[in-house]
Every structure is written in C-alpha cells, then in structure tokens.
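Engineer: Next comes the sequence, and after it the predicted model I'd like to discuss.
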Amino acid sequence: MRTGEPLPALGDVLADLGTGLWHWDTAAGLVTVDAVAARLLGLPAEQVILTEVQVRARLHPVDWNEITGVVQLAVAEGTVAEVRIRIMDGAGRVARVVRSRSKPTFDRVRKAYVLTGTLQEVTEPRPGTPAGRSAVTGDWRRSREAFLLDAGRALAEARSTQEVLRVAANLSMPGFSPDGLAVFGVEGDRLTIIGHHGHEPGDESPFTYMPLDTDYPAAEVVRTGRAVYLSSPEQYKLRYPLTWPLAQRFGRQSWAFVPLTVAGRPMGAWMAGFAYPVAFTPDERSVLTTVARMLAQALSRAGTAESERALTDGLQRSMLPRLGPQRIPGMSVAARYVPTGGGLQVGGDWYDVIPLPSGRFALVIGDVQGHDVRAAGLMGQLRIALRAYASEGHRPDAVLSRASRFLHGLGEPDPAELRFATCLYVEVDPVSGVLEVARAGHPDPVIRMPDATVLTRPTAGGLPLGVDPDADYPTTRLILESGETMMICTDGLIETGGHDLDTGWRRLRGILEHHKGNLEELADALVQGVHGPSSHHTTGPLADRREDDIALLLCRQGEGCGCGGETDTVRPPVRRTMLTVAQDEPERVAVARQQLRELLHDWSSPDQVDSAVLLLSETLTNVLVHTDADALLLAEVTGGRGGRRMRIEVTDAGDDLPHLRRPGELASSGRGLVLIELLAHSWGVDPRGEGKSIWFELYEPNDGDRP
C-alpha cells in the first residue's frame, strides 16, 4: 500500500487474516456472526444471526460454561475477555480450536451483557508431545489452577451419580485429556462398574464383580489405597500379565488408576486411559489425584442424595394412598402431593380416600405442623387413626373429635413436643352427591361449576386437631351437582411463591376458571401454575417466605365436566349454591350475600344483582328475627346467557306464613314482602310439611331489552 492511499476496510483485513467478528446481546439472546466466524463455527460462510442455543450446540459444553465466568470477571476487572473454545462437529468430536477476544460491557438498565469480539483459529499441540504435556498459562483456563476450579465447581453442582459421571467425562485436563474413563465401586469383596465413558456398551462385562484379590490395577488400588500409573503397554503387561489381555483390546497407550477416597477410606477407583503415551509427571499426577478426590466427594454426595430420595419416595408412597381412575363409583378423583424443596422430600401434608361401612366414601386432606421427619411421622400416625375412626362408622364430627384427642395425646408428657394439624373431612354419598363436611382449621372447599364458575363454600369449623382434646367440629351439608368439581387442598397450594391466602386464591381461581381438560389435567395445571418453572411462576408479595408442602384432592360428580369436551343435552345448565344460617350465626348473612354475588358474577344487569342481594338479606333476616328456626338458602341460575333465570329460596321450620301488608310510614317492620313485590319478577310463599319456603325470581334481560 502506497503512502497516502486510504486504509482498506477493517472487515477485509480481518477476513484476510482468517479472523471473524461476532456480537452477542444477552438480553435478546442473539449472537450475530460474520461469514468468517460462521465458517469457524462449522456453518455456511455467510453472515447470520443465531440464538444462544444454536451457538451453544456448536461449542464444547465445558467451554460454554467457562465463557460465562470469563465475561463476568472481565467486566468486574475492566479487562479484555480471552478464552479458547473447542468447536464440535455433528458427531461430537472436536473440529477445531478457536481463540475469542472481546471487550464486554454490562447494561445496568436491561441487566444484560453486550459483547463484540473476534474469533480466530489456533493450532493445538499434538497430544503426547512435550508441548502438549506442558501446562498452558496466561490466556486460557487450562492452567492447572483454573482447571481445578472449573472441575470443582462442576462436580459440586452435580446432583446424581449420572451427572457426576457426565461431568467427569467432559473434563479437559491441562495439556492431557483421556479418551476413556471408568469409575469402579466396591460391593463386599468385589469390584463393580459405577459408570464408564469412551467404551462400547458391554465392554465392562469382564470387569464387573471382579474379586478384589485379582491381579488388576483397579483392584490393587482399592486394596492398598495407592495410585497406579502405567505409561506404556509394556509396563502394563510386565506388571499385570494376567489381566493385560482384558486391557489390550482397547488399544490405549497409558493408564492412570487413582483411588477414590472419602474420610480416609477407599470407596473405589478411577481409571483414565490415554490413546497416546503420557509420562505422568509430578504435575500431572497431582492434577489426577486432586480430580479423583473431588470426584470421590461428588460421588459420595450423589449417593447419599439418591439414598435419601429413595428413602423419601418409599416413605411417602407408604403414607399416601394410590388412587386409580373411578375410585369412587360415579365420581372421578385426582390427587397430587408435592413436598417442599429443602432437605428430605417428606412433610406433614397428606390426603386419603376411605371407603366407609355405609357404602359412602370419605375424602380427607390435612397438614401437620412442620416440614421435617417428625411431621411426616405424625402425619402417618394421624392418617391411620383417621382411617380407623372412619372405618368404625363414626360421623365426620366424631371422627375429627377423636383424631384431635389422639393427636393431643401424642404430645404428652412433654408439652414442648405438641404439634397441631389442620384437616378437612368430607363424607361423600356418590349416589346423591351429598357432602357432609367437617373442618379443623383448614381452608374451605372450592366448587367449580359446569360453566366454570368457581365458588368458595364456607363451612363451619373448629380448632386445628391437637390443640384442644375436647374441641367440637360442627358439620356442614353441601350438594355436589352433576358436572361440578370440588377442590380441597392444603395452604401450600395457595401460598407457594410468596403469596398469602388472598393473592394465592386469586391465582388459583384464574386457573380453575380457564382450564379446559379432564380432572387429571386440571390437577397438573394447578400444581404447575404455582410450583412450575420461574417462567410460569407469578411471585407473590411475600417472596422471601419459605415454601410449603402441597397436597391437592379433586373430586368431580358424574361424567360431564363442563370444560368443553362433554355437554349435557338433556338438562339446561344449572348453577346452584346452598347455605345454612343458624340462629346463633347472624354473621353468616354476610357470607350468604357474598355467595350470591359470586354465583351471579357474570349476570348482565348489576342492578338486578344488587336487588337480589337486598332481597336475600331481607328474607334471611326475617327468619332469624321472627322465628326460632335456622334458615336454609338455595340459590340457582338456569338457562343460557342473556336469558337466564335466578331463583332464590329461603326455607325455615317456622309455622307462621308471612303476608303482604302495607306498613305505615313510621312502622319498623313489614317491608320485606313489599320489597320483593316491587323488585322481583315473580315470588311466592310455599308451605311445607314442616315450615315454609319463601322464593323469588329475577330474569336476565336480553340484549334487545337493554337501553
């Protein structure tokens, strides 16, 4: 180039030098590469925009993890990020090694890294040569210290034996990498194969259950606790002539057998085989020994975790029933149990389905205080006690009273050991759909109607079990209509993710109202909606609170689910709620008003809803004031949208029939029927065998009737 001529374009210069350009924005998750960089990645030589997943598939998995750490360190220190990366081909082999240099920055607003850098192919030293065996320092992580840090981090994050073996197989040691690995364990006086890499299936057969007194390197390592290094086939054949034929067929040139030691006791051996001669210098032996110690610790942790999981699974399976389809004749039942994430995967939540002597069934769900093994043990005892009391034919209130006395007795003589439990006990008549509900400090049941309307059914309740041995548990009667679904659950389903009872219930209501599918799919959707991956998880206002166990039980009456798959062509859709208001429970009038508003949540005329709530208050209050009887509310909505009918009926056992009269201006009573006459489309008073029933109806206006 002559003096004064313009400089060539930067891209042309880099292309002539075989250097590619790339740009990575972690917020968008996209990587832009030019033609040279695309070729180095094994793609067609043209500029292209790739996703992080597409780029990651072309790189060695260990190197991809290293890139993240190098970038974070470069941003923190304000330096250039430099790393060597192995590019993999479609068969999982290393196609080439490239060097990447970039100057990363961190966008605090988007909380993302932005990088622009270069990519250039480098030449690797040939394995087995002095250059290949010397530690690489400076710009690459394959120095001894960096490699051991990476290996330790990867092994510490492995949670199962298979994960540990996968990490060990992908470790790239500084300057020398084995092409075959095997991990030996010990059972009694014999060797076992825990796992291997770089071998064909079945190659491990001659080494499986080999006696420890066999003249084999791994057996000697386990017996003596000392490593064995074999730098050549001749050395192997000379030292172990009897077992040399077993190793000869693999065609390797060097072997390292290192003990896997935990707490000073060999638990097995690790074999690393090399396809080229390795001198096993002191530095190389030090690296192998350190990796073997970390591998032994990781295998020990993984084995302990797998034993705990097996114990947990067995314990939980023995404590929870197995529900088959149609466990209750004429009803569908689905259940789920999800333990809390910490420690042993056991807890105090449980559910049960109990056949009763009367031919009915009992649905039980409960939560023992705590998330530990003691809570699980108490849960098992309490579940057995509830089954025993129910099988004797006791009513729901008697079952819970006896269970409370039983749990209270388990805390004696040390009051500090006393724990309580919440419980919901539902006796189900599958023929009529009648539910007898007794509640001990537990959340109320929830009913999903065939048209996806969701109502919380308030029920009478008592103290949690175990608090007061003489506590009473009143019973509430409900009716589960055909196509309706009852949900009972522990508070873990509601509060998981930092929610309280209010916000958590709103989240569940949305899932129940919009789900379309069968009962099993609904159970999965509810659990996934509160316990799924973070991308599906809505965090509540109390995000730092500890998670709780989850128990869920769904019961659907009849076959029609009202979820879009099945339809009832015989009867028009019916939406119904029932509630009893006792003489000593005037506060339940407010509960009845709320129930009616929820029942009419999609009624097209808000004025009619207000009128219905007003008339309901009048009729219930009249029963409580003018009679000595309890009031039974039955409210139902029938018909199709835009032309529905609501009917509210209040029944009591009083003998006096009300009469329509015209009270004076200063009269303090007598206006109830006048209001009904003015606001209702139709109404009436029907005498019963014992007592009477006051009813009124309102009709939803059609679209043409609206102003």
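Structural biologist: Cool, got the structure.
Engineer: Could you say which helix or strand holds the nearest residue to residue 167 once chain neighbours are set aside?
Structural biologist: Excluding its sequence neighbours, the residue lying closest to residue 167 (CB to CB, 6 or more residues apart in numbering) is residue 154, at 4.6 Å. Yep, even glycine has a C-beta here, placed from its N, CA and C like the rest. Per DSSP states H and E, residue 154 falls inside helix 144-157.
Engineer: Now the element after that helix, going C-ward?
Structural biologist: That would be, after helix 144-157 and using DSSP H and E, helix 161-170.
Engineer: follow-up on the earlier one: then the helix holding residue 154 to CSV, C-alphas only?
Structural biologist: C-alpha atoms of helix 144-157 as CSV (Å, rounded to 0.1, in the frame of the first residue of the first chain):
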residue,chain,number,x,y,z
ARG,A,144,-3.8,-26.1,36.5
GLU,A,145,-5.4,-23.8,39.0
ALA,A,146,-8.1,-22.6,36.6
PHE,A,147,-8.9,-26.2,35.5
LEU,A,148,-9.2,-27.4,39.1
LEU,A,149,-11.5,-24.5,40.0
ASP,A,150,-13.7,-25.4,37.0
ALA,A,151,-13.7,-29.1,37.8
GLY,A,152,-14.6,-28.5,41.4
ARG,A,153,-17.4,-26.2,40.6
ALA,A,154,-18.9,-28.6,38.0
LEU,A,155,-18.6,-31.6,40.3
ALA,A,156,-20.1,-29.7,43.2
GLU,A,157,-23.2,-28.8,41.2
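Engineer: Return the distance of it from the chain's centre.
Structural biologist: From the chain centre to the centre of helix 144-157 is a distance of 30 Å (CA atoms, centre = their mean, to the nearest Å).
Engineer: before we move on, back to that, check contacts around the residue nearest to residue 167.
Structural biologist: 62, 65, 167, 171 (CB atoms under 8 Å, 6 or more residues apart in numbering).
Engineer: Doesn't the first one lie inside a helix?
Structural biologist: Same thing as residue 62. Yes: assignment of residue 62 by DSSP: H, G, I helix; E, B strand; the rest coil places it within a helix.
Engineer: How many residues are close by it?
Structural biologist: 17 (other CB atoms under 10 Å).
Engineer: That one and residue 150 touch, don't they?
Structural biologist: Yes: contact criterion CB atoms under 8 Å: residue 62 and residue 150 qualify, at 7.0 Å.
Engineer: what about the strands in the stretch 451-600 of the chain?
Structural biologist: 454-456, 461-462, 475-479, 485-489, 550-557, 574-581 (DSSP state E, counting those that start in this stretch).
Engineer: Can you show me the CA trace of the fourth one as CSV?
Structural biologist: The C-alpha trace of strand 485-489 is given here as CSV (Å, rounded to 0.1, in the frame of the first residue of the first chain):
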residue,chain,number,x,y,z
THR,A,485,-65.8,-30.3,40.7
MET,A,486,-64.8,-30.0,44.3
MET,A,487,-61.2,-28.9,45.1
ILE,A,488,-59.7,-29.3,48.6
CYS,A,489,-56.1,-28.5,49.2
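Engineer: Which residue is the nearest non-sequential neighbour of residue 272?
Structural biologist: Distances taken as CB to CB, 6+ apart put residue 178 closest to residue 272, at 3.9 Å, once the chain neighbours are dropped.
Engineer: For the one you found, list the residues it contacts.
Structural biologist: 198, 256, 272-274.
Engineer: tell me which element residue 378 falls in.
Structural biologist: Judged by DSSP H and E, residue 378 forms part of helix 373-391.
Engineer: Measure how that helix sits relative to strand 550-557, angle-wise.
Structural biologist: Going by axes from the mean of the first three to the mean of the last three CA atoms, to 10 degrees, helix 373-391 is angled at 20 degrees with respect to strand 550-557.
Engineer: Next secondary structure after helix 373-391?
Structural biologist: Trace forward from helix 373-391 with DSSP H and E and the next one is helix 396-410.
Engineer: what does that next one contact?
Structural biologist: With contacts defined as CB under 8 Å, 6+ apart, helix 396-410 is touched by 362, 378, 381-382, 385-386, 389-390, 394, 417-421, 423, 425-427, 436-438, 440, 462-463, 465-475.
Engineer: Can you turn the buried subset of these into a selection I can paste into PyMOL?
Structural biologist: Buried members of those can be picked out in PyMOL with the line below, counting by 16 or more other CB atoms under 10 Å:
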select buried, resi 362+378+382+385+386+389+390+394+419+420+421+423+425+426+427+436+437+438+440+462+465+466+467+471+473+475
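Engineer: what's the neighbour count on residue 277?
Structural biologist: 16.
Engineer: Over to the residue lying closest to it once chain neighbours are set aside: give its phi and psi.
Structural biologist: Counting by CB to CB, 6+ apart, residue 277 lies nearest to residue 253, which is 4.9 Å off, once chain neighbours are set aside. Per-residue torsions, residue 253: phi -110, psi -20 (degrees, to the nearest 10).
Engineer: quick revisit: report the angle between the helix holding residue 378 and helix 396-410.
Structural biologist: 140 degrees.
Engineer: sorry, back to before: the residue nearest to residue 277: what's it in contact with?
Structural biologist: Applying CB under 8 Å, 6+ apart, the residues near residue 253 are 128, 232-233, 274-278.
Engineer: all helices of the stretch 151-300 of the chain, in order?
Structural biologist: Per DSSP state H, counting those that start in this stretch, the stretch 151-300 of the chain carries helices over the ranges 161-170, 217-224, 233-239, 244-248, 282-319.
Engineer: Make a markdown table out of these and add mean pLDDT and mean neighbour count.
Structural biologist: As requested, those are exported to a markdown table (pLDDT from 0 to 100; neighbours: other CB atoms under 10 Å):
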| stretch | mean pLDDT | mean neighbour count |
| --- | --- | --- |
| helix 161-170 | 79 | 19 |
| helix 217-224 | 91 | 20 |
| helix 233-239 | 92 | 14 |
| helix 244-248 | 89 | 15 |
| helix 282-319 | 77 | 16 |
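Engineer: can you redo the ones you listed as a markdown table with distance to residue 182?
Structural biologist: Shown next, in a markdown table, are these (distance: least, CB to CB, whole Å):
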| stretch | distance to residue 182 |
| --- | --- |
| helix 161-170 | 10 |
| helix 217-224 | 8 |
| helix 233-239 | 15 |
| helix 244-248 | 11 |
| helix 282-319 | 12 |
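Engineer: re the thing from before, adding distance to residue 673, write the contacts of residue 154 out as TSV.
Structural biologist: Below are the contacts of residue 154 laid out as TSV (distance: CB to CB, whole Å):
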residue	distance to residue 673
62	83
65	78
167	80
171	86
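Engineer: List just the nearest of those residues to residue 589.
Structural biologist: Closest approach between the contacts of residue 154 and residue 589, by CB to CB: residue 65, at 63.5 Å.
Engineer: Against residue 195, how distant is residue 301?
Structural biologist: Per CB to CB, to the nearest Å, residue 301 is found 16 Å from residue 195.
Engineer: Perfect, I'm done here.
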